[in-house]
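> Could you work out the structure for the sequence below:
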Amino acid sequence: MALNVAAWSQPLIGAISGRVVTEDGQTVPRATVLITASGKTNRRMSINTDEEGNFRAEGLDAAAYVVSASAPGYVVRPRSEAGARRAGFNYIGEVVTVTMFIGGVITGRVVNAAGEPVVGVPVVAERVRDEDGRPLPTPEKVAASSLRQTDDRGVYRWYGLAPGSYVVCAGGSGGFSTRPTPFEGRTLICHPSATRDAAVDVTVRGGEELSGIDIRYRSERGYIISGKITALPATGGPVQIVLRKAGSDLLMATTSPHQSSAESSYVLYGVPNGEYEIIAARDFSGDENAFASAPRRVVVNGRDVGGIDLALAPMAALAGKVTVEKEARKCEAARDSRLNEVVVRARRDEPGEKGAAPPSPSWSQPSGEANEAGAFSIRGLKAGRYRLETPLPGADWYVKEMRLGGAPAAAGDLARNGVTLKSGERLSNALITLSEGAVGLKGKAVAEGEARLPARMLAHLAPAEPEARDEALRFAETRVESDGLFSFSNLAPGKYWLLARPVPDSDTNDKPARPAAWDAAERAKLRREAEAANVVIDLKPCQRLSDYVLRYGK
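Residues are numbered from 1 along each chain as shown. This next block holds a predicted model:
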């Protein structure tokens, strides 16, 4: 069937509607719903739910949107890192249910060495791990509008917190205010009585009040790190100075410099003794350029450190185009997806890398949003190797090919090899081809006999056709939930072997697991295991197979 690709480039306006409810199904009236186009913070709409918890946002153009909600004391359950990779966006025409629950509480006292209350000291809380125990790419500061200071008893209280692990610290300006406080220039002291790098995490669950999270405050002089930012780009934009513990992603402090026309100076106060890495980064969403300095090692040992100058340099970028195969089978009642609803994400693939934190805490996972013609651009990439991922707007599309235009077939296969970028390099020949007729599979893993389902396991699909044995895009994996449920979507039609594997204990929660499809040896091993298990599924174009039972341990 010939597809009218030009029709997808026509403007389309629609609405996203839905309801905000609690976990027990009660409505949340007058909640604030924020609808933001992916990668475009200037394209957002804020509306309130009515008395029945309903909302409707109209006049939205075709794009991938993130829908969130807020209400005093409530939070939306945050997606874990693993869940975020599986989760899609929302699109016009969809009806969305946002589920909220009462957030957690952390409360305690800040006292001095004699046990007396420290009054009026700023207290900051940072979420450092998600509810599954995985470290966040960058710590999430609790909202600036909720700045806490201790009362006359030395008591502080944070409420409405998302589940996860937090670090709570006292001192400084609170991380939010530019006005000096009596604690300015002093080292932040974190629960129970440690500097930021030795702080003890506290775990919060929804609706739970965690009391007794006390801080024994020590009024210790911190030290100063200062220097200049050079090679500022001609176009304006905010620069951020980021201080991390050496050899890790642990964020210690951030600041913004005082800028002049050609250079700027910066000062970091209250830094404790230790070894650090410091960089400068500039991200300006109004253009296609992002800049960062090379990291510099700084040792603080009982004195201020000056002259740590940082030179900005352009970061790498990758651009390309998404197209849809001109002849493909269109599924009946398929959603009329648009190219400008496609988001292309760049996921870093450096297995030996100790840390993978973005240059600045304000940067999210690098991604590029396709326009009406399918063109996309991903900027702000550190030097290294990347893999491309494409969450798709409907169940009818699948990724048929990823390649570098003009490169030899084997070397230019992005699905097998990824792409390696040098500092400041700009590639513009990434080509992603989509096709219609995608298939889906939902099922449940059930233990056979005396076998038990492992606590952590993955379901894998491997191509059963001999000619597709090493096609990386034909391999897929998904997490098996605690109840045994699993789901695959946006698969190419064809014959597959299905296999469930336990996650090795050596695979910790500290980093996302590297997909088996990214490594030729792992693909071959997976295919051998799946062939031996001999669970074959033949999925025809547009088929949606549900309620499949996978017998584990048979």
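
> Break down the stretch 301-450 of the chain into its helices, ranges please.
Applying DSSP state H, counting those that start in this stretch to the stretch 301-450 of the chain gives helices spanning 414-417.

> So which residue is dead centre in the protein?
Computing the C-alpha centroid of the chain and ranking residues by CA atoms, centre = their mean puts residue 365 first, at 5.5 Å.

> For the closest residue to it other than its chain neighbours, give me its contacts.
In space, residue 365 comes closest to residue 345 once its chain neighbours are excluded; the distance is 5.8 Å by CB to CB, 6 or more residues apart in numbering. Heads up, the C-betas are built off the backbone N, CA and C, glycines and all. Contacts for residue 345 were tallied using CB atoms under 8 Å, 6 or more residues apart in numbering; they are 365-367, 378, 388-391.

> Ok, residue 329 next?
1, 436-437, 541-542.

> Tell me, how many residues neighbour the closest residue in space to residue 381 that isn't next to it in sequence?
Closest residue to residue 381 apart from its sequence neighbours, by CB to CB, 6+ apart: residue 316 at 4.2 Å. By other CB atoms under 10 Å, the residues close to residue 316 number 24.

> how near is residue 316 to residue 386?
Going from residue 316 to residue 386 by CB to CB, to the nearest Å gives 9 Å.

> and this protein, what are its domains?
Here the domain parsing of the chain from automatic domain parsing is 12-101, 104-216, 223-314, 316-436, 439-552.

> For these, give me CSV that also has mean pLDDT.
Formatted as CSV, the domains of the chain follow (pLDDT from 0 to 100):
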stretch, mean pLDDT
domain 12-101, 85
domain 104-216, 85
domain 223-314, 84
domain 316-436, 88
domain 439-552, 91
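
> For the stretch 351-500 of the chain, which segments count as strands?
367-369, 375-381, 384-389, 397-404, 419-421, 426-436, 439-447, 457-463, 476-480, 485-491, 494-502 (DSSP state E, counting those that start in this stretch).

> Of all those, which one comes closest to residue 96?
strand 485-491 (17.6 Å; CB to CB).

> hmm, back to that, identify, from the contacts of residue 345, the entry nearest to residue 54.
Checking these one by one against residue 54 (CB to CB), the nearest turns out to be residue 391, at 26.7 Å.

> State the distance from the closest one to residue 489.
Applying CB to CB to residue 391 and residue 489 gives a distance of 10 Å.

> swap in residue 322?
Relative to residue 489, and taking CB to CB, residue 322 is found at 18 Å.

> Give me the outermost residue of this protein relative to its centroid.
Largest centre distance within the chain, by CA atoms, centre = their mean: residue 114, 43.0 Å.

> Next, that residue: secondary structure please.
coil (DSSP: H, G, I helix; E, B strand; the rest coil).

> Phi first, then psi, for it.
Taking degrees, to the nearest 10, you get phi -90, psi 0 for the backbone angles of residue 114.

> after the lengthiest helix in the chain comes which helix or strand?
Assignment by DSSP state H gives helix 520-533 as the longest helix of the chain. Following helix 520-533 in sequence order, the next helix or strand is strand 536-539 (DSSP states H and E).

> that older thread, so residue 322 and residue 489 - more neighbours on which side?
residue 322 (26 against 18).

> which residues touch the closest residue to the more buried one other than its chain neighbours?
The spatial neighbour of residue 322 that comes closest, neighbours along the chain excluded (CB to CB, 6+ apart), is residue 374 at 4.1 Å. Shown in contact with residue 374 (CB under 8 Å, 6+ apart): 321-324, 339, 342.

> again, but for residue 400
325, 433-435, 473, 492 are the contacts of residue 400 under CB under 8 Å, 6+ apart.

> Going along the chain, name the strands of the stretch 1-150 of the chain.
13-22, 32-37, 40-48, 54-61, 65-70, 74-76, 95-102, 104-111, 122-129, 135-141, 148-149.
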